[in-house]
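> got a predicted structure plus its sequence, pasted below:
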Amino acid sequence: MAPRAGTAESSTTARIVLLALAAGQFLMALDSSVMNVSIATVAEDVGTTVTGVQGAITAYTLVMAMFMIPGGKVGALIGRKRAFMIGCVIYGCGSLTTALAPNLPVLLLGWSFLEGLGAALIMPAIVALVASNFVTERRPAAYGLVAAAGAVAIAVGPLIGGVATTYFSWRWVFAGEVVVVLGIVVLARRITDAPVGERPRIDLVGAVLSALGLGIFVYGVLRSAEWGWFRPKPDAPSWLGVSLVVWLMLAGLLLVWLFLRWEARMVERRREPLVDPGMLHNKQLTGGLTMFFFQYLVQMGVFFVVPLYLSVALGLSALATGARILPLSVTLLAAAVLIPRFLPDVSPRRVVRLGTLALLAGAVALMAALDADAGAEIVTIPLLLIGLGMGALASQLGSVTVSAMPEAQSAEVGGVQNAVTNLGASIGTALAGSIMIASLTTSFLTSVDQNPAIPAEAKSRATVELESGAPFLSDAQLKAALAEAGTPREVTQAALDANTDARIDGLRAALAILAFTALLAMFFTSRIPKTQPRSKNL
């Protein structure tokens, strides 16, 4: 083995390497969370609609999902450090293009395509570079900090976006990313790369199959809120009476199956596969990947639900919303840093189980605390618990997955790992959103139907108009819409009361499905090893 870990472990160099990798992970997670609070402003500035900007966010997720596995293989072929540096340059060019974008097509080019492509090179390389720069015993702490940086970016993103949009411009966020990228490139010179070895040709057929399979599946998931999961919503595309979402997900799974069959064939012919299917027979690896999937599903579902409660139900500003989410970052960082430092020999399985229990407890506590008369303070304790759970998982899972395979395959593991986390994040957001809207709609229509103050004609019209789902509206937004429609005062008040209760019901339903998912994850923790990985190759 090259003299890599011992050198990188020496104090200052190790800190610089970790700072560069954590900053890269921070940037990858920052964009979407920042832009979620600035969508309307961005749409106005580039001359498009809110739907157009949401489409750009969707496209960014799709590009990452499609190229994550090929991106991991590129790192194995040209070197992880080189792939990381090239990814940073592409990402920086995308950020600069986005900052200067005059219209939606340029925004799509910079943000969705270039940044997505850069992220697909950077994220698998980060996983591999931690493995090549830190000895096995120190990797849980390193992976914990890197993963925590990404989660913190999601937590503070609304605050950063709120400050930039309120006092400056959303464009300064992307301009700032260019500066951060330049800093990362300078720091990355201290990163030690692992030897590459021979460089066979990349499996193009496998790359196409994996990109199409993951891309089509994720696209179907992302369209679920608009088209419906199974039963198609009014005017939504369908086939044989079933929502197109189902068919897209099935087509994606079929292509992923074909991809795995093709890779197995490549191995049989002694050719270099994009991903060795034999990896998936490793119990430790699949256990780590499964827990990554559940972690990101619950994590992104929470980051979808909580800001909605704070900003829409309570009417807090983007700044106040971001400030209320910050407590999560405290326990997240504390768990990610302190568990590996003070409990280096703790059982990974025990930490993962306790972390998953903390996620479950946080979701249940928040669901129980939600009330129409509750204030913003009720999210603090649940978010502290959820942050603790996320930090505990972050402190173990990266090391679990990478240590399951030889270090030569760490870039491939990184590609698969990030593809799985993208799937979990997409499904978590879509699932929480669709359950919330379905419950909100049912609750609202039931309240309206049972209210004698609302005329029968208005009830019938509401049932028809909300057939595809009721929007998640603040009281101010609903009041303005009803005033514009000339609705009588008593009907307006009844609708506002129904909307208040329905919002809480919708949020509770979303949290219930996230809590159920966290409980389901407990059944898969047995695949996590009981002992910390030890250095075998040093």
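Sure, I can see it. The structure presented is a predicted model; accordingly, all values stated were derived computationally and were not measured. Numbers count the residues shown, from 1 in each chain.
> remind me, longest helix of the protein?
Scanning the chain for the helix with the most residues, using DSSP state H, yields helix 410-450.
> so how far is it off the chain centroid?
Between the centre of helix 410-450 and the centre of its chain there are 11 Å (Cα atoms, centre = their mean, to the nearest Å).
> and stretch 123-140, by the same measure?
Stretch 123-140 has its C-alpha centroid displaced from the chain centroid by 21 Å (Cα atoms, centre = their mean).
> what's the local residue count around residue 80?
With neighbours defined by other Cβ atoms under 10 Å, the count for residue 80 comes to 30. Where C-beta positions appear, they are placed from N, C-alpha and C, glycine not excepted.
> now do the closest residue to it other than its chain neighbours, the pLDDT please.
Nearest in space to residue 80, with sequence neighbours left out and distances taken as Cβ to Cβ, 6 or more residues apart in numbering, is residue 128 at 4.3 Å. On pLDDT, residue 128 comes in at 84.
> pretty sure residue 128 sits in a helix.
Yes. Counting by DSSP: H, G, I helix; E, B strand; the rest coil, residue 128 is part of a helix.
> helices of the stretch 101-250 of the chain, start to end?
Assigned by DSSP state H, counting those that start in this stretch, the helices in the stretch 101-250 of the chain fall at 104-107, 116-133, 139-167, 171-187, 204-222, 224-227, 244-268.
> dump the residue contacts of residue 352.
Neighbouring residues of residue 352 by Cβ atoms under 8 Å, 6 or more residues apart in numbering: 291, 392, 393, 396, 397, 400, 525, 528.
> of the residues you listed, which belong to helices?
291, 392, 393, 396, 397, 400.
> widest-spaced pair of the residues you listed?
Distance extremes for the ones in helices among the contacts of residue 352: the farthest pair is 392 and 400 at 12.5 Å, using Cβ to Cβ.
> next helix or strand past the helix or strand of the chain with the lowest mean pLDDT?
Counting by mean pLDDT, DSSP states H and E, the chain has its least confident helix or strand at helix 5-8, which shows a mean of 43. As assigned by DSSP states H and E, the chain's next helix or strand after helix 5-8 is helix 11-35.
> tell me the helix or strand right after that next one.
Next element after helix 11-35 (DSSP H and E): helix 39-45.
> pLDDT on that following helix, on average?
76.
> and stretch 360-371, by the same measure?
Mean per-residue pLDDT for stretch 360-371: 92.
> show me the contact partners of it.
298, 302, 306, 309, 378-379, 381-386, 388-389, 504, 507-508, 511-512, 514-515, 518-519, 522.
> so which residue is dead centre in the protein?
The centre of the chain sits closest to residue 425, judged by Cα atoms, centre = their mean, with a distance of 3.8 Å.
> quick one: low-confidence ranges for this structure?
Along the chain, segments meeting pLDDT under 70 span 1-10, 32, 36-40, 50-51, 54, 194-200, 458-459, 462-470, 485, 534-538.
> contact partners for the residue nearest to residue 80?
Applying Cβ under 8 Å, 6+ apart, the residues near residue 128 are 72, 75, 76, 80, 194, 402, 410, 411, 413, 414.
> for the residues you listed, which one is nearest residue 154?
residue 414 (19.6 Å).
> about what we covered before: show the buried residues in the contacts of stretch 360-371.
Buried members of the contacts of stretch 360-371, scored by 16 or more other Cβ atoms under 10 Å, are 298, 302, 306, 309, 378-379, 382-386, 388-389, 504, 507-508, 511, 514-515, 518.
> filter the residues you listed down to the ones in helices?
298, 302, 306, 382-386, 388-389, 504, 507-508, 511, 514-515, 518.
> residue 323 versus the residue nearest to residue 80, what's the distance?
Using Cβ to Cβ, to the nearest Å, residue 128 is found at 36 Å from residue 323.
> ok, now residue 237?
As judged by Cβ to Cβ, residue 237 and residue 323 stand 41 Å apart.
> comparing those two, which shows the higher neighbour count?
Neighbours per residue (other Cβ under 10 Å) separate residue 237 from residue 323, with residue 323 holding more: 17 against 14.
> which ones are touching the closest residue to residue 264 other than its chain neighbours?
Counting by Cβ to Cβ, 6+ apart, residue 264 lies nearest to residue 277, which is 4.8 Å off, once chain neighbours are set aside. Listed by Cβ under 8 Å, 6+ apart, the contact partners of residue 277 are 260, 263, 264, 267.
> show me how to select, in ChimeraX, the buried members of the residues you listed.
Command for ChimeraX, covering only those of the contacts of residue 277 found buried under the criterion 16+ other Cβ under 10 Å:
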select :260,263
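> from the contacts of residue 277, pick the one nearest residue 454.
Of all the contacts of residue 277, residue 454 sits closest to residue 260, with 55.0 Å by Cβ to Cβ.
> now the closest residue to residue 522 other than its chain neighbours: how far from residue 530?
Leaving aside its sequence neighbours, residue 522 sits nearest to residue 356 (Cβ to Cβ, 6+ apart; 5.6 Å). Remark: distance between residue 356 and residue 530 (Cβ to Cβ) = 16 Å.
> so those two - more neighbours on which side?
Between residue 356 and residue 530, counted using other Cβ under 10 Å, residue 356 has the larger neighbour count: 24 against 9.
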